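Colleague: quick one: sequence plus predicted model below, questions after.
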Amino acid sequence: MGGGDGSNGGDGSNGGDGSNNGSSDKSPLNFLSDSQFYEWFRGLVDGEGCFIIDKRTSSFSFQFKIFMHKDDAPMLKYICERLKVGNVNIGDHFVCYTVSSRNDLLKYLLYLTKHPLTHQNT
């Protein structure tokens, strides 16, 4: 995982839900077909994605996160917009794409069922 410390945004600022994400129509990612995007995203998740299970007193919290340098915020905002799940939090030095709501996690897990990850731990 790239530089994550488990916090959710560093300075507490929030990039929102992806609806006003500042991604440019000229971004190279905008020209990817769905199959190209899913293949690219699978590789990103294989390398940088992290599933977190947090045990609470009487329950569990589940999250999926990708931490990147803050310069990569437009990319993570684009992912949020394209998948229509999660949110992006921007800190002083890093940005975090997080999927944590139950409905978003179910949508994301359905995506992973259709487009399984290729990396396997040995």
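Modeller: Perfect, I can see it now.
Colleague: what about the longest strand in this protein?
Modeller: Longest strand in the chain, counting residues (DSSP state E): strand 60-69.
Colleague: average model confidence for it?
Modeller: The pLDDT scores in strand 60-69 average 94.
Colleague: counting contacts, what elements does that strand pack onto?
Modeller: Judged by 3 or more Cβ pairs under 8 Å, 6 or more residues apart in numbering; DSSP states H and E, strand 60-69 is in contact with helix 34-48, strand 49-55, helix 73-83, strand 94-99, helix 102-114. Where you see a C-beta, it was placed from the backbone N, CA and C, and this is true even at glycine.
Colleague: now do the fourth one: which elements does it pack against?
Modeller: With contacts defined as 3+ Cβ pairs under 8 Å, 6+ apart, the packing partners of strand 94-99 are strand 60-69, helix 73-83, strand 87-90.
Colleague: the spatially most central residue of the chain pairs with what?
Modeller: Nearest to the centroid of the C-alpha atoms of the chain, with distances taken as Cα atoms, centre = their mean, sits Tyr97, at 3.6 Å. Tyr97 forms beta bridges with Ile66, Val88, as assigned by DSSP bridges.
Colleague: now do the end-to-end distance for stretch 45-52.
Modeller: Here the two ends of stretch 45-52 are set 14 Å apart, with distance taken as Cα to Cα, to the nearest Å.
Colleague: how close does Val88 sit to Phe60?
Modeller: 24 Å (Cβ to Cβ, to the nearest Å).
Colleague: meant to ask about Leu106
Modeller: Taking Cβ to Cβ, one finds Leu106 at 15 Å from Phe60.
Colleague: pick out whichever of these two has more residues nearby.
Modeller: Leu106 (12 against 8; other Cβ atoms under 10 Å).
Colleague: how about Leu117, secondary structure?
Modeller: Of the three states, Leu117 takes coil under DSSP: H, G, I helix; E, B strand; the rest coil.
Colleague: for it, list the residues it contacts.
Modeller: Going by Cβ atoms under 8 Å, 6 or more residues apart in numbering, Leu117 touches Arg42, Val45, Asp46, Gly49.
Colleague: burial measure for the last one, as a count.
Modeller: For Gly49, the tally of surrounding residues (other Cβ under 10 Å) stands at 20.
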